[in-house]
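# Whatever this is, show me its structure:
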Amino acid sequence: MEIISGKWKCCIINRLANGAKRPSELHREFLDATPRVINQQLKELELHGIIKKEIFKELPPHSEYSLTEAGRTLLPLIAELEKWGAGYRPALKKILGLE
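Just a heads-up that it's a prediction; the model follows:
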C-alpha cells in the first residue's frame, strides 16, 4: 500500500499505460490536483521503481515518464479496483444521500 497509496498514483499509472507522457501533460490531465502534488507522487513512484523518468538533452530540453515492468504488473490490480469501485458506487451514493 505504501507504493500505490496516494490519491493520484493509480491515476498516474493508468495514464502511463498507453505510453510515456511529459510532466506537463500529466498536470493537464489532473486539474483537481496541484502540480506540486503530482510532482511529489511522480517522485515517489519513481523512487519505488514503478515509473522511470527519461530526460532528453535536446533543445528545448524535456523529460518524460513511463511505466517500468514493475509498474505494468500493477495495471491488472488497478483495473480490479476500478471494477470494484464501479460496482460499489451506487451503494456509496445511497449511504451519502446523493441519490
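# Could you list every helix and strand in contact with whatever helix or strand Q40 lives in?
Using DSSP states H and E, Q40 sits within helix 35-47. Contact partners of helix 35-47 among helices and strands, from 3 or more CB pairs under 8 Å, 6 or more residues apart in numbering; DSSP states H and E: helix 9-16, helix 23-29, strand 51-56. Using the backbone N, CA and C atoms, a C-beta is placed for each residue, glycine as well.
# Tell me which residues are up against the longest helix seen in the chain.
Longest helix in the chain, counting residues (DSSP state H): helix 75-96. Under the contact criterion CB atoms under 8 Å, 6 or more residues apart in numbering, helix 75-96 has outside partners I4, C10, I13, N14, A17, E99.
# can you rerun that using 10 Å?
Contact with helix 75-96 is made by I4, K9, C10, C11, I13, N14, L16, A17, L67, L74, L98, E99, as judged by CB atoms under 10 Å, 6 or more residues apart in numbering.
# In PDB, please show the C-alpha coordinates belonging to that helix.
Extracted in PDB, the C-alpha atoms of helix 75-96 (Å, rounded to 0.1, in the frame of the first residue of the first chain):
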ATOM      1  CA  LEU A  75      -2.300  -2.500 -14.200                       C
ATOM      2  CA  PRO A  76      -4.500  -5.600 -13.600                       C
ATOM      3  CA  LEU A  77      -4.700  -4.700  -9.900                       C
ATOM      4  CA  ILE A  78      -5.800  -1.100 -10.700                       C
ATOM      5  CA  ALA A  79      -8.400  -2.500 -13.200                       C
ATOM      6  CA  GLU A  80      -9.800  -4.700 -10.400                       C
ATOM      7  CA  LEU A  81     -10.000  -1.700  -8.000                       C
ATOM      8  CA  GLU A  82     -11.800   0.300 -10.700                       C
ATOM      9  CA  LYS A  83     -14.300  -2.600 -11.300                       C
ATOM     10  CA  TRP A  84     -15.000  -2.800  -7.600                       C
ATOM     11  CA  GLY A  85     -15.500   0.900  -7.300                       C
ATOM     12  CA  ALA A  86     -17.900   1.000 -10.200                       C
ATOM     13  CA  GLY A  87     -20.000  -1.800  -8.500                       C
ATOM     14  CA  TYR A  88     -19.900  -0.100  -5.100                       C
ATOM     15  CA  ARG A  89     -20.700   3.400  -6.400                       C
ATOM     16  CA  PRO A  90     -24.500   3.100  -6.200                       C
ATOM     17  CA  ALA A  91     -24.400   1.800  -2.600                       C
ATOM     18  CA  LEU A  92     -22.000   4.600  -1.700                       C
ATOM     19  CA  LYS A  93     -24.300   7.200  -3.200                       C
ATOM     20  CA  LYS A  94     -27.200   5.800  -1.000                       C
ATOM     21  CA  ILE A  95     -25.000   5.900   2.100                       C
ATOM     22  CA  LEU A  96     -24.000   9.500   1.400                       C
END
